[in-house]
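Build me a model from this:
(2 chains)
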Number of protein chains: 2
Amino acid sequence: MFFKKKEEEFFSELRKDAVSGEWILVTAGRAKRPQEFAPPKREPAQLIASCPFEDARMNGFDPLLWYPHPKSLKKDQLEEWFLQVILNKYPAVMPHEDRTCAVAGEDGPYERIDGVGYHEVVITRPHERSLGEMTAEEAALVMRSYRERYAALKKDPCISYILVFHNHGREAGASISHPHSQIIALPIIPPDVQRSVHGSMVFYEAHAACIHCRMISWELEDGRRIVYENKDFLVIAPYASRISFELRMYPKEHDPYFDLLSEKKLESSADALTAALRKLGTALNDPPYNFFIHTAPTSSAMEHYHWHIEILPKTSVPAGLELGAGVDVTVVKPEDVPGLLAA
Amino acid sequence: MFFKKKEEEFFSELRKDAVSGEWILVTAGRAKRPQEFAPPKREPAQLIASCPFEDARMNGFDPLLWYPHPKSLKKDQLEEWFLQVILNKYPAVMPHEDRTCAVAGEDGPYERIDGVGYHEVVITRPHERSLGEMTAEEAALVMRSYRERYAALKKDPCISYILVFHNHGREAGASISHPHSQIIALPIIPPDVQRSVHGSMVFYEAHAACIHCRMISWELEDGRRIVYENKDFLVIAPYASRISFELRMYPKEHDPYFDLLSEKKLESSADALTAALRKLGTALNDPPYNFFIHTAPTSSAMEHYHWHIEILPKTSVPAGLELGAGVDVTVVKPEDVPGLLAA
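Sure thing, here's the model as predicted:
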């Protein structure tokens, strides 16, 4: 909604996320150039000599999973690794030694549960080449590793939710600059996830349809927020963006479960993800960012859900309004993002 | 819960906020010294010559509200101002010109509502002296201004929630270094607030008691998380902290409504708030921080709620786990915070 404010146009609108029910605030005085959002240049990459992610046998152990480079000629030798998954040396959660599940308890008026789970790191070999700079063939190995480790961790009955995420740049929480992703398996379904799952279930029961599918149809028809698409995936600037230049990537066909991603879609998902990251990197000068996969919880059938990836460049820091009211603020209209990200 | 991990102790525990129902993760390998959390030194204060908050008639207008310094001899002259409240020059929300309320609408599968509301700035005069460096008498004027403007804005029937917040330091979102707070009045009750209000109502209906009061009794008895108290207010490191060194300040007596804060408690609230900020400033080397007031929404009777202030020093940036799962992470046990903040 535009208000008349002196000579300028003033735009301020609260928008509701159709799945989670969260409200965000779009407040944009006037269109800005992407450069105005470029955060301070990221710190240079850490020195390769002191990088803990260079050695083929990190911490002296064989990886949980590894792939050679697609073009490697000696595909059975670990020294030819292009990607490997290892245990996080500084885990946020860990399995019990005896493999028993997390124990819930009380502490006065409070509830607690043991931090039982798994915390793994997915490392790609080039020290400075980020995911957005990889070929689709290389990035497909990253997607494949996510899928394989997700499927392996899902088998543990102690696990309720698995989050795959990637922090790029120190300002986005990456303490090691060498490109890596993380997979964390938790003994609870986090409330944010629960709300989105619930929101999609309510819609499914009322309309016998998937809310994400309806949004995808609408976005394809409306067209104003499309940033990229290929035959299998759609990348949009979401209507209720949580931060300026947020992007979301959806499989076009209904698909609740990331871990059932087919072989033929591995490469098209990698194509869409790298295209999205490349557009952000070019327009915003290699910004720090986080991305993560939202997929149905592991515990039961969730046919109503629709997996997707959310990409949040660090174009602002959460301040009083975001922290105090949970209302995220974006100062770029999502409808302006495709144009601003066009090369 | 401690796990045995090689020789070190490994601590990882999920804790549930008793009011909002959110889960946070406490993961602490070993006690750390507060200095290890000191964020990069904040940028120096901006030059006073180019500071927009120096002039008695900012932008050429009289303030909405102003107070002289408590020790001023010419209390009726604006030039003697110690605090003033003005309209934000770059508001996130604005009233309609004709004072009509926000209009809700739809946009395909999405819901939206006009960003109708008020956005004010509370400025204290000293260019570099932050709230934690003020006397209780001075800080009481800040609390008074919050209360007065809150009460004035509450009268507008278009308003559903009013958030008072303060950003300190650029890394916490303060684009102007001169100390100031903000008051934003919104046409919706934000979902985060709604969940906490709902949580406290459910407890109230089940136990005919206030959940916050029960927590306060427990904390006073348990004692391990008390950072500061005076006769009217208690400052604790909350059991389910959202970030390392978070502090919360509660009135000890049941009180749903911040705007009904009595004259006699104005000064004790200022004493507790400045004490909390001073402790953080000393131990963490003047960290960036945000604080905000949570109080009952303006719309109806909310006897079950209990107003309080949450103080979040910027001791880490939200990354994949926080953004992707909504699980905030703290690496300092709340039980260790009082000792770490002791002078």
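
Just give the nearest non-adjacent residue to residue A:334, would you?
In space, and not counting its chain neighbours, residue A:334 is closest to residue A:237: 4.0 Å by CB to CB, 6 or more residues apart in numbering or on different chains. In short, each C-beta sits where N, CA and C put it, glycine included.

can you tell me how far the one you found sits from chain B?
13 Å (CB to the nearest CB, to the nearest Å).

State the number of residues packed around that residue.
25 (other CB atoms under 10 Å in any protein chain shown).

which SS class is residue A:76?
Put simply, residue A:76 is coil when judged by DSSP: H, G, I helix; E, B strand; the rest coil.

got a list of what the closest residue to it other than its chain neighbours touches?
Once flanking residues are discounted, residue A:76 sits nearest to residue A:68: 7.8 Å by CB to CB, 6+ apart. The contact partners of residue A:68, taken as CB atoms under 8 Å, 6 or more residues apart in numbering or on different chains, are A:74, A:75, A:76, A:77, A:80, A:81, A:82.

hmm, try it at 6 Å
A:75, A:80, A:82 (CB atoms under 6 Å, 6 or more residues apart in numbering or on different chains).

follow-up on the earlier one: hmm, residue A:337 and the residue nearest to residue A:334 touching each other?
Yes. Counting by CB atoms under 6 Å, residue A:337 is a contact partner of residue A:237 at 3.6 Å.

So for the residue positioned nearest the centre of chain A, what's the pLDDT?
In chain A, the residue lying closest to the centroid (CA atoms, centre = their mean) is residue A:292, at 1.7 Å. Looking at residue A:292, its pLDDT reads 98.

Mind giving me the packing neighbours of the helix or strand harbouring it?
Per DSSP states H and E, residue A:292 falls inside strand A:289-294. With contacts defined as 3 or more CB pairs under 6 Å, 6 or more residues apart in numbering or on different chains; DSSP states H and E, strand A:289-294 has these neighbours: strand A:161-168, strand A:308-313, helix B:320-325.

which one of those lies closest to residue B:105?
Nearest of the helices and strands packed on strand A:289-294 to residue B:105, taken as CB to CB: strand A:308-313 at 25.2 Å.

Pull out the buried positions in the closest one.
Under the neighbour-count criterion of 16 or more other CB atoms under 10 Å in any protein chain shown, strand A:308-313 has A:308, A:309, A:310, A:311, A:312, A:313 buried.

if we can go back for a sec, and the residue nearest to residue A:76, how far is that from residue A:75?
As judged by CB to CB, to the nearest Å, residue A:68 and residue A:75 stand 4 Å apart.

Run through the bridge partners of the closest residue to residue A:168 other than its chain neighbours.
Excluding its sequence neighbours, the residue lying closest to residue A:168 (CB to CB, 6+ apart) is residue A:289, at 4.9 Å. Residue A:289 has the following beta-bridge partners by DSSP bridges: residue A:168, residue A:313.

Count the neighbours of residue A:289 for me.
29.

Repeat that for residue A:48.
12.

ok, residue A:94 to residue A:185 distance?
Using CB to CB, we find residue A:94 at a distance of 11 Å from residue A:185.

what's the answer for residue A:306, then?
Plainly put, residue A:306 is 21 Å away from residue A:185 if you go by CB to CB.

Can you mark which positions in stretch A:204-213 are buried?
A:204, A:210, A:211, A:212, A:213.

Mind checking which of those are in strands?
Among those, DSSP state E puts none in strands.

Tell me which of these fall in helices.
Members of the buried residues of stretch A:204-213 lying in helices (criterion: DSSP state H): A:204, A:211, A:212, A:213.

got these as a markdown table, with pLDDT columns?
Shown next, in a markdown table, are those (pLDDT from 0 to 100):
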| residue | pLDDT |
| --- | --- |
| A:204 | 93 |
| A:211 | 96 |
| A:212 | 97 |
| A:213 | 97 |
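
on that earlier part again, thinking the residue nearest to the centre of chain A is in contact with residue B:325, fair?
No. Here residue A:292 does not reach residue B:325: they are 7.9 Å apart, not a contact under CB under 6 Å.

how about the residues of the stretch 151-300 of chain A near chain B?
Proximity of the stretch 151-300 of chain A to chain B (CB under 6 Å from any CB of the partner chain) is limited to residues A:163, A:165, A:167, A:173, A:188, A:190-192, A:214-215, A:218, A:239, A:290, A:292.

how about a markdown table for those residues, with distance to residue B:112 added?
Below are those laid out as a markdown table (distance: CB to CB, whole Å):
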| residue | distance to residue B:112 |
| --- | --- |
| A:163 | 29 |
| A:165 | 29 |
| A:167 | 31 |
| A:173 | 31 |
| A:188 | 32 |
| A:190 | 27 |
| A:191 | 24 |
| A:192 | 22 |
| A:214 | 17 |
| A:215 | 14 |
| A:218 | 14 |
| A:239 | 8 |
| A:290 | 26 |
| A:292 | 26 |
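
now for the helix ranked longest in chain A, which elements pack on it?
Taking DSSP H as the criterion, chain A has its longest helix at helix A:263-283. The contact analysis (3+ CB pairs under 6 Å, 6+ apart) places helix A:263-283 against helix A:136-154, strand A:233-236.

redo that, cut-off 8 Å
Applying 3 or more CB pairs under 8 Å, 6 or more residues apart in numbering or on different chains; DSSP states H and E, we find helix A:263-283 packed against helix A:136-154, strand A:226-229, strand A:233-236, strand A:247-251, strand A:289-294, strand A:308-313, helix A:337-341.

Can you tell me which of those is nearest to residue A:87?
Closest to residue A:87 of the helices and strands packed on helix A:263-283 is helix A:136-154 (CB to CB; 11.2 Å).

So what touches the closest one?
Here helix A:136-154 makes contact (CB under 8 Å, 6+ apart) with A:64-65, A:67, A:69-70, A:82-83, A:85, A:118, A:120, A:122, A:124, A:131, A:134, A:159, A:162, A:164, A:181, A:183, A:185, A:258-259, A:261, A:266-267, A:269-271, A:273-274, A:293, A:295, A:298.
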